[in-house]
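In: Sequence first, predicted coordinates after that:
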Amino acid sequence: MVREEVKSGKVLLAEPFMLDPNFKRSAVLLCEHSREGSIGFIMNKPLQMRIDELIEDFPEFNSEVFFGGPVQTDTVHFIHNIGDLLDDSVPISSGVYWGGDFEKLKFLISSDMISERNIRFFVGYSGWSEGQLADEMTYGSWIMANMDSNYLFKLQPKELWKKVMYDKGNAYTVISQIPELLSWN
C-alpha cells in the first residue's frame, strides 16, 4: 500500500471511532507541515459566536467563529479565499489562504469587499510536535484527504467530515456512513 505524503493543504480526518473530544469526527486543514511540527485548523467545530463579538474593535461582521484546536485558545486565526486582495496571505491549496494583514482585513470587511462566505475564523489551532503527526498517522488516528475550497466555504460544518470521507471513495464511502452514535441493540 502506498502511503500518501503528509503536507500542507491536505485534510486530516479523524478516524471514525476517535474518542478525543477535541478531534471526534473532525476535519482538520493542515496549513503547515515540516520536520519541526505541524499546524492545522479544525474546520467543522463552530463555537456559536461571531467574530465581531470576540474582538472588540472588529467591524460588524456576521461570521461565525470555529474551534481551531486545543493549542493557544487565546489566539484568533483566519482562512480565506481572497489571497489576491489580502497582503501577506499564505497559499495553502487552490483557492485557500491562511492569515494576512489583519488591519487590511478589517478595512476590506468595513468596505463590504469581503463577505462571510469568503472567510472562516478560528480560536486556537491544532498542533503536533516533531514526529507526533507521523506517529498518529502510523497508529491510524487520521485519514488523509485532498482539500477542496468548497469544503470550507460552501458546505455546512456538520456535513464536512462525512462529505470529505465520502469523496475519498472506495471503503471510505462506507466509513462515511457509520453513525456517530452506535448502539448495541
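Out: In hand now; what should we look at? Since we're looking at a predicted model, the values are computed, not measured.
In: where in this protein is pLDDT low?
Out: 1-3, 181-185 (pLDDT under 70).
In: mind listing the helices in it by residue range?
Out: In the chain, the helices defined using DSSP state H lie at 51-54, 102-110, 132-138, 149-153, 157-167, 171-176.
In: Save the ones you listed as JSON lines, and put in mean neighbour count and distance to Ile92 too.
Out: Using the backbone N, CA and C atoms, a C-beta is placed for each residue, glycine as well. Output for these, formatted as JSON lines (neighbours: other C-beta atoms under 10 Å; distance: least, C-beta to C-beta, whole Å):
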{"stretch": "helix 51-54", "mean neighbour count": "16", "distance to Ile92": "20"}
{"stretch": "helix 102-110", "mean neighbour count": "16", "distance to Ile92": "16"}
{"stretch": "helix 132-138", "mean neighbour count": "15", "distance to Ile92": "16"}
{"stretch": "helix 149-153", "mean neighbour count": "18", "distance to Ile92": "10"}
{"stretch": "helix 157-167", "mean neighbour count": "18", "distance to Ile92": "15"}
{"stretch": "helix 171-176", "mean neighbour count": "14", "distance to Ile92": "22"}
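In: Is it possible to get a markdown table of the ones you listed that adds distance to Gly83?
Out: Converted to a markdown table, the helices of the chain look like this (distance: least, C-beta to C-beta, whole Å):
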| stretch | distance to Gly83 |
| --- | --- |
| helix 51-54 | 19 |
| helix 102-110 | 12 |
| helix 132-138 | 25 |
| helix 149-153 | 11 |
| helix 157-167 | 22 |
| helix 171-176 | 30 |
